[in-house]
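>>> Give the three-dimensional model of this entry:
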Amino acid sequence: MEYKLKNDLLEVKLQSFGGALSSIRDRDGGEYLWQGDKAYWSGQAPVLFPICGSIRNNEARSLAGKMLKMPRHGIVRKREFSCINQTEQAVLFALDSDERTLGQYPYPFRLEIQYTLTENAVKTGYRIINKGKEDMPFLIGGHPGFNCPLFSSESYKDYYLEFAKKETCDVPAPITETGLIDVFNRTPFLYEQDKLPLSHALFERDAVILDKLQSKTVKLLSKNHTRGIQLDFADFPYLILWSSANHGPFIALEPWLGLSTCNDESDVFEEKRNMQIAAGGTEKEYSFNIRVLE
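So this is what the prediction gives:
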């Protein structure tokens, strides 16, 4: 089912399937969110929980010996959420664990996702509730894709990313066959720069994994005009850049709490990088903002 938020600046649409964003339009009708095209990528802005990326052979075990069996990006992005509340400014979705989820991820949980529209920005807020008594390990992340270019008269190379700080960092190599990460194979990527020109060549191998980024704000901008997107992700240590290898006309800017299993990690779930733990009966909250620039 589709839900809508609207003010004088933006119209935002959301889907209960996956509890995800499906449209961000400005007052002139310009669409910023990727609309999905199976020739490139049929997704739009899936929610990644309780893993971001992949675990080795789609399996892991907990410290207590519980088995976890999950596909890439987890278990909620193809589930139907319930709409708990809707106002003119916000929509709240929720998904509770059930027999199906417990067979993949053996922890009772409730995941709430609230989208709030304020002026020219939409906030995505995650609340993860541990409904059990034992510690619950988890990760969560966003995967919003944005149209790039925004206008048919432009090309991909007209666009660039602008970071809040000048960055110097290298990036690890994705292992495309498995979806895992080779942290020992690193390539210099940014050197004292706050701008990254975009090209499809960036994504010929797969995603760019920014695991050493200092900035918590990134903008998607054009050389030709002032319209664009600003992503603020202070709660998230990692930013993933991705587009399809067949020159997809979009870029995904993905704030993640964790990463795919790295080749220096075991298959113990709690030992993954930046693993979050919600004690029994407690909850954790995270959020990021997408701002439309005019």
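
>>> Verify the assumption that residue 72 is located in a helix.
No - under DSSP: H, G, I helix; E, B strand; the rest coil, residue 72 sits outside any helix and is assigned coil.

>>> is it true that it touches residue 180?
No - with contact defined as CB atoms under 8 Å, residue 72 does not reach residue 180; the gap is 10.4 Å. For every residue, glycine as well, the C-beta is placed using N, CA and C.

>>> Looking at the two, which one has more neighbours?
residue 180 (20 against 14; other CB atoms under 10 Å).

>>> Pull out the buried residues from stretch 164-181.
167, 171, 172, 173, 174, 175, 178, 179, 180, 181 (16 or more other CB atoms under 10 Å).

>>> ignore the last one, stretch 73-86
Neighbour-count burial for stretch 73-86, counted by 16+ other CB under 10 Å, picks out 73, 74, 75, 76, 77, 79, 81.

>>> Just give me the neighbour total for residue 88.
Residue 88, neighbours per other CB under 10 Å, totals 9.

>>> switch to numbering from 42
Happy to do that; since the first residue is 42 now, the last one works out to residue 129.

>>> tell me which element it is part of?
For residue 129, there is no enclosing helix or strand under DSSP states H and E.

>>> wait, what's in contact with it?
46, 47 (CB atoms under 8 Å, 6 or more residues apart in numbering).

>>> again, but for the one 4 residues further on
With contact set as CB under 8 Å, 6+ apart, residue 133 has these partners: 124, 125, 126, 127, 153, 154, 155.

>>> next helix or strand past the helix or strand hosting it?
Using DSSP H and E, residue 133 sits in strand 131-137. Counting by DSSP H and E, the element after strand 131-137 in chain order, helix or strand, is helix 140-145.

>>> Show me what that next one is packed against.
Counting contacts by 3 or more CB pairs under 8 Å, 6 or more residues apart in numbering; DSSP states H and E, helix 140-145 packs against strand 108-110.

>>> The helix or strand just after the strand it packs on packs against which elements?
Counting by DSSP H and E, the next helix or strand C-terminal to strand 108-110 is strand 123-127. In terms of contacts (3+ CB pairs under 8 Å, 6+ apart), strand 123-127 is packed against strand 131-137.

>>> Okay, and residue 294 sits in which element?
Going by DSSP H and E, residue 294 is in strand 291-297.

>>> Okay, strands next: where are they in the stretch 192-335 of the chain?
200-216, 221-238, 249-251, 258-263, 269-273, 279-283, 291-297, 317-319, 324-334 (DSSP state E, counting those that start in this stretch).

>>> and if you look at the stretch 42-191 of the chain?
43-47, 51-56, 61-67, 88-89, 100-102, 108-110, 123-127, 131-137, 150-159, 162-171, 177-179, 182-183, 186-188.

>>> buried set for the fifth one?
It refers to strand 100-102. For strand 100-102, by 16+ other CB under 10 Å, it's residue 101.

>>> pLDDT of that strand, averaged?
Average pLDDT, strand 100-102: 97.

>>> Give me the residues contacting that strand.
Outside strand 100-102, the residues that reach it (CB under 8 Å, 6+ apart) are 108, 109, 110, 111, 302, 308, 309, 310, 313.

>>> does residue 246 really touch residue 217, like I thought?
Yes - Residue 246 is within contact range of residue 217, at 6.4 Å (criterion: CB under 8 Å).

>>> Just give me the residue closest to the centre of this protein.
Note on the chain: the residue nearest the mean C-alpha position is residue 183, at 1.9 Å, using CA atoms, centre = their mean.
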